[in-house]
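Engineer: With the sequence up front, the predicted model follows.
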Amino acid sequence: MVIKIYEDKISLGQAAAEQAAISLRSAIQNNGRARIIAATGASQFEFLDALTAMPGIDWPRVEMFHLDEYIGLPISHPASFRKYLLERLIRKTGITQYHLLDGDGDVPKVVRKVAAELTAAPIDIAFVGIGENGHLAFNDPPADFQTEEPYVIVDLDEACRRQQVGEAWFADLSEVPKRAISMSVRQILKAKEIIAVVPDARKAQAVRSCFEGEISPLAPASTLRRHANTTVFLDQHSAALLSPEKRQAFA
């Protein structure tokens, strides 16, 4: 795992997008296609803006999988991750092969169908974020590090749900769904490359817990340290609580 620290979320997003673009072009050149996992949330805005503007990516050769989605939330809701991906990635690039998680439909059937497509071939790149509670996808602490299921149905903890209110996706806590579909931790780690985009001061405590504490289900994203080809992109705010030695080593 490599950590890179940038001045702000704009430069962080640009750098992450440049690395992602190189990997996407390489996968398409070598394999004829690239298979990716896409994250959502406010932390990904600058990264996706930069990535969708990158030249030389043959987007019709990119197959995209969905990282997580709320259960019981219609696609018309502003917080819908399907809506987010359609607006911020799929329609902007012209991706034609995508597998969205319909959390408002027959959830077990949706999970089986998308899981079968996901596991049919290796994933080239997974784009992920890290939650304020250290979650990876919607695997809140204590996360299940053992399941081999590609997708799991999870209960969202209060810290996770409060984050969604804080990011203004919902007006108050009562509106935030309590359950979600999430890609499992082990499935995420099967990607050949992982790019974690983690800006903002509100992520600083989680960054310190995940990258200076123990690798533990109580800090779910700490498991990224077990993946040899992971790059974590931080800004000065999200890196603020790292020890001076770590900051100096990674800056």
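Structural biologist: Structure received. Residues are numbered from 1 along each chain as shown.

Engineer: Okay, now the unreliable bits of this structure?
Structural biologist: 247-251 (pLDDT under 70).

Engineer: what residues are up against Pro177?
Structural biologist: Tyr70, Ile71, Gly72, Leu73, Gly103, Leu156 (CB atoms under 8 Å, 6 or more residues apart in numbering). No exception for glycine: its C-beta is placed from N, CA and C like everyone else's.

Engineer: so where's the longest helix in the protein?
Structural biologist: If you go by DSSP state H, the chain has its longest helix at helix 9-31.

Engineer: returning to what we had before: just the ones of the contacts of Pro177 in strands?
Structural biologist: The strands, defined by DSSP state E, take in Tyr70 from the contacts of Pro177.

Engineer: what's near enough to touch Ala15?
Structural biologist: Ala15 touches Lys4, Tyr6, Phe233, counting by CB under 8 Å, 6+ apart.

Engineer: hang on, isn't the first one packed against Val232?
Structural biologist: Yes: distance between Lys4 and Val232: 7.1 Å, which falls inside the contact criterion (CB atoms under 8 Å).

Engineer: Between those two, which has more neighbouring residues?
Structural biologist: Val232 (26 against 15; other CB atoms under 10 Å).

Engineer: OK, contacts around the more buried one?
Structural biologist: Applying CB under 8 Å, 6+ apart, the residues near Val232 are Met1, Val2, Ile3, Lys4, Ala196, Val198, Phe211, Leu224.

Engineer: I'd like to know which elements whatever helix or strand the fifth one lives in is packed against.
Structural biologist: I take that to be Ala196. Using DSSP states H and E, Ala196 maps to strand 193-198. Counting contacts by 3 or more CB pairs under 8 Å, 6 or more residues apart in numbering; DSSP states H and E, strand 193-198 is packed against helix 9-31, strand 125-128, strand 230-235.

Engineer: got the contacts of Pro177 as JSON lines, with distance to Glu46 columns?
Structural biologist: Output for the contacts of Pro177, formatted as JSON lines (distance: CB to CB, whole Å):
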{"residue": "Tyr70", "distance to Glu46": "23"}
{"residue": "Ile71", "distance to Glu46": "28"}
{"residue": "Gly72", "distance to Glu46": "30"}
{"residue": "Leu73", "distance to Glu46": "24"}
{"residue": "Gly103", "distance to Glu46": "26"}
{"residue": "Leu156", "distance to Glu46": "25"}
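
Engineer: Just name the closest of the contacts of Pro177 to Pro150, please.
Structural biologist: Pro150 lies nearest to Gly103 out of the contacts of Pro177, by CB to CB, at 15.5 Å.

Engineer: Enumerate every residue touching the closest one.
Structural biologist: By CB under 8 Å, 6+ apart, the neighbours of Gly103 are Glu69, Tyr70, Ile71, Gly72, Leu73, Val110, Pro177, Ala180, Ile181.

Engineer: rerun at 7 Å
Structural biologist: Residues near Gly103 by CB atoms under 7 Å, 6 or more residues apart in numbering: Glu69, Tyr70, Ile71, Gly72, Leu73, Ala180, Ile181.

Engineer: Narrow these to just the buried residues.
Structural biologist: Neighbour counting by 16 or more other CB atoms under 10 Å classes Glu69, Tyr70, Ile71, Leu73, Ala180, Ile181 among these as buried.

Engineer: ok, the third one - contacts?
Structural biologist: Taking CB under 7 Å, 6+ apart as the definition of contact, the neighbours of Ile71 are Gly103, Val107, Pro177, Arg179, Ala180, Ile181.

Engineer: And for the fifth one?
Structural biologist: For Ala180, the contacting residues are Asp68, Glu69, Tyr70, Ile71, Gly103, Phe138, Val154, Leu156, by CB under 7 Å, 6+ apart.

Engineer: Please determine how far the residue nearest the centre of the chain is located from Glu193.
Structural biologist: Centroid check for the chain by CA atoms, centre = their mean gives Val128 as the closest residue, at 2.2 Å. From Val128 across to Glu193, the span is 11 Å (CB to CB, to the nearest Å).
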